[in-house]
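Participant: One predicted model, sequence on top.
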Amino acid sequence: MPDGAWWHKDLLDSMADTVGNRQPLLSSGLRGRLKEYMEFRHVFRHAYTFDLRWDRMKTLVLGCEETLQLVEDELDRYFQTGRGQ
């Protein structure tokens, strides 16, 4: 497990990289998409609600179900192919 101030970014990056004999769990495209959610979370936690702008977060809000489905699909595919063993 990564540690330090950026552990969550490092963990996401490692999930999309080959580490030792382990193949990536997530595609680089999904990693990029999830990084957008991480950045939004950071802004949301550190900004006042009146600073939030719908035009900047609309894509993330409206795409969250699709993103969750992509995560589930990629993890299912990873474990079904036996790469998770």
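Facilitator: Thanks, I have it. Numbers count the residues shown, from 1 in each chain.
Participant: What helices and strands are in contact with the longest helix along the chain?
Facilitator: When the chain is parsed with DSSP state H, its longest helix is helix 54-80. With contacts defined as 3 or more Cβ pairs under 8 Å, 6 or more residues apart in numbering; DSSP states H and E, the packing partners of helix 54-80 are helix 28-46. For glycine as for every other residue, the C-beta is placed from the backbone atoms N, C-alpha and C.
Participant: buried residues in the helix it packs on?
Facilitator: Of all the residues in helix 28-46, those buried under the rule 16 or more other Cβ atoms under 10 Å are 30-31, 33-34, 40.
Participant: wait, which of these is closest to residue 65?
Facilitator: The shortest distance between residue 65 and any of the buried residues of helix 28-46, using Cβ to Cβ, involves residue 33 and amounts to 12.8 Å.
Participant: Now the closest one. Nearest residue, chain neighbours left out?
Facilitator: residue 67 (5.8 Å; Cβ to Cβ, 6 or more residues apart in numbering).
Participant: so how far is residue 34 from the one you found?
Facilitator: Using Cβ to Cβ, to the nearest Å, we find residue 67 at a distance of 7 Å from residue 34.
Participant: what about the nearest residue to residue 31 once chain neighbours are set aside, how many neighbours?
Facilitator: Once its chain neighbours are removed from consideration, residue 31 has its nearest residue in residue 16; the separation is 3.8 Å (Cβ to Cβ, 6+ apart). Using other Cβ atoms under 10 Å, the number of residues around residue 16 comes to 18.
Participant: repeat for residue 13
Facilitator: Using other Cβ under 10 Å, the number of residues around residue 13 comes to 15.
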